[in-house]
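In: model this:
(chains A and B)
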2 protein chains.
Amino acid sequence: MKPIRHLLSSPATLRLRSGLAPRQTRPAAVLCRRNLSASSKLCAFQPLKPQNPKAGAMSSSATTLKGQPLDKVVLDAMLRRRMFYTPSFEIYGGVGGLYDYGPPGCALQANIVDLWRKHFVLEEDMLEVDCTALTPHDVLKTSGHVDKFADWMCKDPKNGEILRADHFVEAILEARLKGDKEARGQKVEEKEVDPKKKKKAKSAAAVKLDDAVVQEYEEVLAKIDNYGGPELGELIKKYDLKNPETGVLPSEPVAFNLMFQTSIGPSSNLPGYLRPETAQGQFLNFAKLLEFNQSQMPFASASIGKSYRNEISPRAGLLRVREFLMAEIEHFVDPEGGKKHSRFHEVEDVELVLLDRHVQLSGKTETKKMTIGQAVKDGVVDNETLGYFLARIHLFMKRIGVDLSKMRFRQHMANEMAHYACDCWDAELLTSTGWVECVGCADRSAYDLTVHAKKTGAPLVVRERLDEPKVIEEWQIDIQKKKFGPLFKKDAKTVETALEATSQEQREKLAKELTETGKIVLDVDGLADGKATIDKDSVAIEFRKRVENTREFTPNVIEPSFGIGRILYSLIEHNYWTRASDGGDESRGVLSFPPTVAPTKVLLVPLSSNPQFKPAVKALSQKLRSLGVSSRVDDSSASIGKRYSRNDELGTPLGITVDFQTLQDGSITLRDRDSTTQVRAEESKILDAIKSLVDGSKNWETVASELPKFEGQEVEVVAR
Amino acid sequence: MKPIRHLLSSPATLRLRSGLAPRQTRPAAVLCRRNLSASSKLCAFQPLKPQNPKAGAMSSSATTLKGQPLDKVVLDAMLRRRMFYTPSFEIYGGVGGLYDYGPPGCALQANIVDLWRKHFVLEEDMLEVDCTALTPHDVLKTSGHVDKFADWMCKDPKNGEILRADHFVEAILEARLKGDKEARGQKVEEKEVDPKKKKKAKSAAAVKLDDAVVQEYEEVLAKIDNYGGPELGELIKKYDLKNPETGVLPSEPVAFNLMFQTSIGPSSNLPGYLRPETAQGQFLNFAKLLEFNQSQMPFASASIGKSYRNEISPRAGLLRVREFLMAEIEHFVDPEGGKKHSRFHEVEDVELVLLDRHVQLSGKTETKKMTIGQAVKDGVVDNETLGYFLARIHLFMKRIGVDLSKMRFRQHMANEMAHYACDCWDAELLTSTGWVECVGCADRSAYDLTVHAKKTGAPLVVRERLDEPKVIEEWQIDIQKKKFGPLFKKDAKTVETALEATSQEQREKLAKELTETGKIVLDVDGLADGKATIDKDSVAIEFRKRVENTREFTPNVIEPSFGIGRILYSLIEHNYWTRASDGGDESRGVLSFPPTVAPTKVLLVPLSSNPQFKPAVKALSQKLRSLGVSSRVDDSSASIGKRYSRNDELGTPLGITVDFQTLQDGSITLRDRDSTTQVRAEESKILDAIKSLVDGSKNWETVASELPKFEGQEVEVVAR
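Out: Just a heads-up that it's a prediction; the model follows:
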């Protein structure tokens, strides 16, 4: 029995096993990559597999920023009420996995993206591109997505319900285990069960199982992400897993490709898909980007845009959606010379929390804190370039306000990576649904450029002038075009390609054959009889010297890939708390976003809806705008306390009150969202303070020490 | 003969008629709206019709910023070379109507969007939303897109070629007219012919036509955008329009819906489309947005995102694409009270160039310059809110660097607008392919909210407390639920809805019927026999007073809708010129973007690739970054002149040279892209100047007057 099984009875683990966590902890891009591995399996959600015992031990009950137990139901209600996001097309009944961002969600997203662009693109002169989401079939066929980007699904033959095979097996077995627990009189945490599964779970009677059966079920559950379609079908039959809705066995699992298909153009001749990742567009433009970069290596391209995955039954809010915003970097690097990075020294002292593959393979989840310099030196992280980006990701997460005590970098285990990848780390954030993979950072080697170059014949390579010319002795083929062409006519190109593709060993043999027989016979795919006979008038094969002045190579790609929606949601959880922690009202939620990402920076509150206040509020609003600080006026009739409270929920860090004294002496109060303390000073001083707070050059403590405290308490103000 | 026909023989008009101009001068969103008019026609490209004689007279040969003739071929080559944009999937052969933006295009787009957000969203506290592009069928069925968002196409029965019917008829008739001209020995402008049509045009022999036939063809061409499918089919038969490729007549035109279709979810039960505009998502969220806005009216939502149209055969570069970025505002306003706008006074003195519908109907294209205040006062523009947005659009265009002498606002003619719209103006920009509609600004009335509310039952309305309660006397229906429910069982809701939907007249009759017969018989759609019999125990109908304390209304929508790609392309043309105008090299192109939208603000050029310069360049780069100014280093081995020239083509407004003197005394030179003049001063002064130039507080003339001129000329520098 693997270590993780020991944990299965604890509520925290139960939630992780029974709910959505395990299979949603992987951002689309990463999934996609791994899914295209040499493994014959169809894939999307194998991940977070039993070899990876990480989740269980780490994610004890989720907490707020202040360490309170996090009530996800309350938080979700607040996010809906404040329109951070909302189900798309809700008045039409909604569509699973599609969400619209409302004003605060939209601003939060824009601010995260803006910081991302500054932190990565501008900081490193990356070449940003904006490629289309519509993608023709051939491109995704070459990349492997058409064949392998799929999940297993089965159908209930009675009511036609579509079931994701692994989810279905999991739900029924879990329901039986739950029934067993009830029969044994053990406590079952209702709240932890996925609402959608609840019905099925509840319908299972409280039946005690044999101990051996319990153990067998638990072992199946632990390996659930490893089963392919046929194996899931076997399990359904073996354990007689009937759909509780209908009492019948679902059909044999079939592969369902997760890409949205469409047709481009008026005839249906050009099948296409919505891209499942932004990466392919960047690879296809490699040659142009290299030229744009004046052929200098290394360089990176970057792209921010929507990607699409037709999930079978998404139900994890923003963590698993069918249309999502990604930000991806493709850093192209020479595979020779150890993939050094010229700016590595700038980050080598950054400390990261690492969960390496060896620890995971030993069934543990203990993380190590170490500098990235040390990690690369010790070989924990494969190379400097990969290490550089891990550190940069860490600094980005810190900058946007992620709780670093809830972040770790988890290394993929060898069998978890795509066959071409040499190392891969995920930045994971701890949320109420467990560790969520928000950024994948993989070394994709030369895979993508190679397959596209092979398919299209485009030279997706770098040519570098050698400081010292290289002399090579080798077998070379000379084609006598004048004879060769007429000999093969329309097949000439095919035969030539086959000739050029021969290895040195083959050429040596062919040269001998040519000398001895006056002709060679070559296997050529695509010819009628599969063979071409070439005489010595049409071809010569000689061993001779060649001087190389340039070196040609296909760059490797280091790819940091960000799921913006997942980062956004995790960031919300990390910054959420309620006033109960200060002895206040539990119903008063707060989102303590740093000013840089906060949707709105300043709330402007006139004491009342008295029109006297309007001019002062408007003037302030315009001054803030000219400072580049976004503000919002709330002149509704609600009490000041209520208005501040509403904006605490929106994460607005600062509040200005305009009252009667403002009209007399021009002074205004400034309120800090987190402490609810206030200062009062003349307008110019307050505006300076706001500027410093928003650009991060001062914190509230400093401002509060510099300006007179405002003693009128919030409750008093409300009472006026 | 209509006035426009007189113009047909001039080259400028020929270009407009023969090329892509007429049908590309309409941004997708606007098209879409108009296409959904009460008119039974299928639509997309009816626009720019003969009643609208505008284009001909205005667009004489296109010119650069400096008034030089604009060579579009040269410009396009430059834009490709500098990777402003590039055909998507080019190494796979490309896909029509899909383009990727390279680094400068991407930065230019991001800067335009950023200014748009500041100018509109932040300035007016608009509620920005980000809705999904994936849209279920029902939504677009209700909005009318499923039924009417289509073009006419026909097929060549011999080779299967798909032809856009109106384009085909146009191309063949134009080819015949061209043949006629050649036969008459008249000059034909080769360059003006759409390359794709060239082949067909060329294949027509130089045959002289009867004068009457020429006139008939010209009249057909003038009305080409007005024909529906059956009429186009008639024309093909009447004039025996054979496809020159095959020599056969194409098939009867059929409607082709322009939306990309897909399936959402694993079963194909939920057909969906990629949205053709961002507006629908905003309408569907209306109730939530109103609540978010604390029920205050008026307010606006805004959205920036990709939309999709499956064009039949797009070939106009960025001006007609299948995937494009839109920025749309939906301003919700009370239809009562004349649609005033509280900030109208701020813009009333803004002067606009207007081409109103009366001028167009009289067959002229003379524009009037007038203040928007006057235009609204005179009734030229329907209302203040619409006028306010026209002025704001004007100011935005000015801010991003549009050549205002190449901009006009064209009013839609009555039959050009959707039936529900009460006024609509397009901001058009003059480019080498004629006037291009880049922004549509329509008053959509209450159409969209009404149809969605009707379909879903969602109350997409505003409820306003009345200052004085209103007393209404009317026939009211009281349902006795206890009797009514059991009477109709599952149909109860249907019958109740039908009852509630009755008019006052009907109710009066029903009341009589009920009194006289003790029951009523009501037509109810959806019941087995289409009728419901209700007795007096289940329902009462009485004439009595009701006091209304609130007023309920469906807001009207003013919609400014921006095609970002079209604006971007037009902006490029407006800011393009070559050094030939200064007596320099014609091959040296310049894009004189204002610093605010320029992709990169500062080019950093070390005198040579000598490593001595590296530290100084790096330090400068970091200082600029901390000032929030994007810069790019060019330390390639090209001459300084060449490096500057390259960046003139990229539109980089400023350049800094680091030379040996810099290493000695810390002074650097600053070069102005447009004048190529330079100043030299100590670093801090140059950085201050850059900051002022980039934020727009100073122009180059001021900076040049304040700092010492650098006399080392560019050529000298090159020569060193």
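
In: Give me the contact list for the lengthiest strand in chain A.
Out: Looking across chain A with DSSP state E, the single longest strand is strand A:462-479. By Cβ atoms under 8 Å, 6 or more residues apart in numbering or on different chains, the surrounding residues in contact with strand A:462-479 are A:290, A:295, A:297, A:332, A:334, A:496, A:499-500, A:502, A:504, A:507-508, A:511, A:538-555. To be clear about C-beta, it is placed using only N, CA and C from the backbone, and glycine gets the same treatment.

In: got the buried residues for that strand?
Out: A:462, A:475, A:476, A:479 (16 or more other Cβ atoms under 10 Å in any protein chain shown).

In: and what of stretch A:661-677?
Out: Here stretch A:661-677 shows A:662, A:667, A:668, A:669, A:670, A:671, A:672, A:673, A:676, A:677 as buried, counting by 16+ other Cβ under 10 Å.

In: just for the stretch 251-400 of chain A, where's the confidence low?
Out: Low-confidence segments of the stretch 251-400 of chain A (pLDDT under 70): A:268, A:363.

In: Please spell out which residues along stretch A:329-338 are buried.
Out: A:329, A:330, A:331, A:332, A:333, A:334, A:335.

In: Can you say which helix or strand has the third one in it?
Out: Right, residue A:331. Per DSSP states H and E, residue A:331 falls inside strand A:323-333.

In: Wondering if stretch A:677-696 reaches chain B at all.
Out: No. Using Cβ under 8 Å from any Cβ of the partner chain, stretch A:677-696 never reaches chain B; the gap is at least 10.0 Å.

In: Residue A:214 is in contact with residue A:178, isn't it?
Out: No. Residue A:214 is not in contact with residue A:178 according to Cβ atoms under 8 Å; the separation is 11.2 Å.

In: Pick out whichever of the two has more residues nearby.
Out: residue A:178 (22 against 17; other Cβ atoms under 10 Å in any protein chain shown).

In: neighbours around residue A:108, how many?
Out: Residues contacting residue A:108 under the criterion other Cβ under 10 Å number 25.

In: check contacts around it.
Out: Taking Cβ under 8 Å, 6+ apart as the test, what residue A:108 contacts is A:84, A:568, A:571, A:572, A:593, A:597, A:598, A:599, A:651.

In: again, only this time at 6 Å
Out: By Cβ atoms under 6 Å, 6 or more residues apart in numbering or on different chains, residue A:108 lies in contact with A:568, A:599.

In: before we move on, what about residue A:250?
Out: With Cβ under 6 Å, 6+ apart, residue A:250 has these contacts: A:154, A:156, A:163, A:243.

In: Pop out the phi and psi values for the residue nearest to the second one when sequence neighbours are not counted.
Out: It refers to residue A:156. Nearest residue to residue A:156 in three dimensions, chain neighbours excluded: residue A:243, at 4.8 Å (Cβ to Cβ, 6 or more residues apart in numbering or on different chains). Phi and psi for residue A:243, reported as degrees, to the nearest 10, are phi -70, psi 120.

In: in terms of contact, does residue A:243 touch residue A:157 like I think?
Out: No. Using Cβ atoms under 6 Å, residue A:243 is not in contact with residue A:157, being 9.4 Å away.

In: Which one of these two is surrounded by more residues?
Out: Between residue A:243 and residue A:157, counted using other Cβ under 10 Å, the more crowded position is residue A:243 (22 against 13).

In: Okay, and the beta partners of the more buried one?
Out: Beta-bridge partners for residue A:243, by DSSP bridges, are residue A:248.

In: so what pLDDT did it get?
Out: As predicted, residue A:243 sits at a pLDDT of 92.

In: in stretch A:353-366, what's buried?
Out: So for stretch A:353-366, counting by 16+ other Cβ under 10 Å, buried means A:353, A:354, A:355, A:356, A:357, A:359, A:360, A:365.

In: Who are the packing partners of the helix or strand containing the first one?
Out: Taking DSSP H and E as the criterion, residue A:353 maps to strand A:351-355. Packing contacts for strand A:351-355, counted by 3 or more Cβ pairs under 6 Å, 6 or more residues apart in numbering or on different chains; DSSP states H and E, involve strand A:368-371, strand A:407-411.

In: Which SSE is immediately downstream of the first one?
Out: Along the chain past strand A:368-371, the next helix or strand (assigned with DSSP H and E) turns out to be helix A:372-377.

In: send the alpha carbons of that following helix over as CSV?
Out: Only the C-alpha atoms of helix A:372-377 are listed here, as CSV (Å, rounded to 0.1, in the frame of the first residue of the first chain):
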residue,chain,number,x,y,z
ILE,A,372,17.9,29.0,-7.0
GLY,A,373,21.7,29.4,-7.3
GLN,A,374,22.2,26.4,-5.0
ALA,A,375,19.4,24.4,-6.7
VAL,A,376,21.0,24.7,-10.1
LYS,A,377,24.5,24.1,-8.7
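
In: ok, residues contacting that helix?
Out: Helix A:372-377 is touched from outside by A:348, A:350, A:352, A:381, A:384, A:387, A:391, with contacts defined as Cβ under 6 Å, 6+ apart.

In: For burial, what's the neighbour tally of residue A:699?
Out: Residues lying near residue A:699 (other Cβ under 10 Å) number 12.

In: Now do the same for the closest residue to it other than its chain neighbours: its pLDDT.
Out: Excluding its sequence neighbours, the residue lying closest to residue A:699 (Cβ to Cβ, 6+ apart) is residue A:693, at 7.3 Å. pLDDT for residue A:693: 95.

In: so who does the closest residue to residue A:279 other than its chain neighbours touch?
Out: Taking Cβ to Cβ, 6+ apart, and ignoring the residues beside it in sequence, residue A:279 has residue A:328 as its nearest neighbour in space, at 5.6 Å. For residue A:328, the contacting residues are A:278, A:279, A:303, A:561, by Cβ under 6 Å, 6+ apart.

In: Check the spacing between residue A:328 and chain B real quick.
Out: Using Cβ to the nearest Cβ, to the nearest Å, we find residue A:328 at a distance of 14 Å from chain B.
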